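Peer 1: what shape does this take:
(one chain, ligands or ions: 1)
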Amino acid sequence: MTVTLATATGGSTTSPAPAVRIRGLRKVYDGKAVLDGIDLDVAPGQLVALLGPSGTGKTTLLRLLAGFERPDAGELGVPLARTTVYQEPRLVPAHRVLRNVMLGQRGTAANRAAALASLAEVGLADKARSWPATLSGGEAQRVALARALVREPRLLLLDEPFAALDALTRLKMHDLVERLRRRHDPAIVMVTHDVDEALRLADRVVMLRDGHVSVDLLVDLPHPRAITDPHLLAHRRRLLAELGVDTPEATP
Ligand SMILES: Nc1ncnc2c1ncn2[C@@H]1O[C@H](COP(=O)(O)OP(=O)(O)OP(=O)(O)O)[C@@H](O)[C@H]1O
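Peer 2: Next up, the predicted model:
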């Protein structure tokens, strides 16, 4: 089987080209296929949450989409403008916040203004001159989001971005993601272990199991979503059951 690394750009005559196009994707480590025949399209602006038991290849798929790994077989079409935010913010401690947002960019007035605007968007305009060590975990992660978004990615890859934050900060980050999406509208693939986070944020929840897509669930509900919405609860039960967790039919 051949490997094609294509760049997904326009060209379709009917519907817009997907931001991500995956066909027959296979990745083998130590003779074992971690991903084995993944087919997945992500539409422009769509947020796909990737769920699945530990070790099912979620991070591997994200690394392939980021271009850090090469597939052993299959086709992978991704936009060139893509960036990743990780569980830990990965700020350079020796650079102030603003310089972290501009990491890898030239220090032009335009880049500086864009970085400041990006910090303002995540509510951290006043921290531009702060050192990373003086930030809270949630603030540091907002800087990481600002750094990702200032590059105006067509594809944003999120690898458990809120897993290390406390519950309240995580809820605030969810609100922030919803606001940022309305403004920037990148396609997003987000790895998470949190079913509620997936259902709160995602347009679609994809579950990986044994190297395959085992669930592909469209979550066609308006934002902001109430966790008590019966449709959401039905989705939640289904996803938790797929993960081997039984929940009572009626939730108080
Ligand atoms: N560089 C590598 N070399 C060898 N094996 C690897 C490598 N990267 C990942 N693996 C293996 O591939 C499998 C999938 O790993 P991956 O990190 O993608 O899973 P995951 O679904 O993200 O897991 P978790 O939910 O625990 O983060 C695991 O068995 C892991 O040990």
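Peer 1: so where's the stretch 1-150 of the chain shaky on pLDDT?
Peer 2: Across the stretch 1-150 of the chain, the ranges flagged by pLDDT under 70 are 1-15.
Peer 1: and it, which of its residues are near the ligand?
Peer 2: With CB under 6 Å from any ligand atom as the criterion, the stretch 1-150 of the chain meets the ligand at residues Tyr29, Asp30, Val34, Gly52, Ser54, Gly55, Thr56, Gly57, Lys58, Thr59, Thr60. C-beta: built from backbone N, CA, C; applies to glycine.
Peer 1: ok, and the most crowded of those residues?
Peer 2: Neighbour counts for those (other CB atoms under 10 Å) peak at Lys58, which has 26 neighbours.
Peer 1: OK, contacts around that residue?
Peer 2: Leu50, Leu51, Gly52, Val191, Leu208 (CB atoms under 8 Å, 6 or more residues apart in numbering).
Peer 1: quick one on the thing from earlier: farthest-apart pair in the residues of the stretch 1-150 of the chain next to the ligand, please.
Peer 2: Asp30 and Gly52 (19.7 Å; CB to CB).
Peer 1: distance of the nearest residue to Ala198 once chain neighbours are set aside from Pro161?
Peer 2: Leaving out its chain neighbours, the residue that sits closest to Ala198 by CB to CB, 6 or more residues apart in numbering is Ala49, at 3.6 Å. According to CB to CB, to the nearest Å, Ala49 stands 11 Å off from Pro161.
Peer 1: need the overlap of contacts for these two.
Peer 2: Here Ala49 and Pro161 share the contacting residues Met190, scored by CB under 8 Å, 6+ apart.
Peer 1: could I get the contacts of Lys58 in TSV, plus columns for distance to Ala202?
Peer 2: Supplementary listing: those in TSV, determined by distance: CB to CB, whole Å:
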residue	distance to Ala202
Leu50	9
Leu51	9
Gly52	14
Val191	11
Leu208	14
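Peer 1: next step: those restricted to strands.
Peer 2: Leu50, Leu51, Val191, Leu208 (DSSP state E).
Peer 1: the second one touches Val195, doesn't it?
Peer 2: Going back to what we said before, that points to Leu51. Yes - the pair Leu51 / Val195 is scored as a contact, 6.7 Å apart, by CB atoms under 8 Å.
Peer 1: what do those two both touch?
Peer 2: Listed contacts common to Leu51 and Val195 are Leu239, Leu243; contacts here mean CB under 8 Å, 6+ apart.
Peer 1: who does the residue nearest to Ala198 bridge with?
Peer 2: For Ala49, the beta-bridge partners are Met190, Val205 (DSSP bridges).
Peer 1: and it, how far from Ala144?
Peer 2: Relative to Ala144, and taking CB to CB, Ala49 is found at 19 Å.
Peer 1: the more surrounded of those two?
Peer 2: Comparing Ala49 with Ala144 by other CB under 10 Å, the one with more neighbours is Ala49, at 27 against 24.
Peer 1: is Val28 in contact with Asp72, as I believe?
Peer 2: Yes - with contact defined as CB under 8 Å, Val28 counts as touching Asp72 (4.8 Å).
Peer 1: need the longest helix for the protein.
Peer 2: Longest among the helix segments of the chain by residue count, using DSSP state H, is helix 167-184.
Peer 1: now that helix: buried residues?
Peer 2: Thr169, Arg170, Met173, His174, Leu176, Val177, Leu180, Arg181, His184 (16 or more other CB atoms under 10 Å).
Peer 1: now do stretch 230-250
Peer 2: Buried residues in stretch 230-250, counted by 16+ other CB under 10 Å: Leu232, Leu233, His235, Arg236, Arg237, Arg238, Leu239, Glu242.
Peer 1: mind putting these into TSV with pLDDT?
Peer 2: Shown next, in TSV, are the buried residues of stretch 230-250 (pLDDT from 0 to 100):
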residue	pLDDT
Leu232	93
Leu233	93
His235	94
Arg236	94
Arg237	94
Arg238	93
Leu239	94
Glu242	91
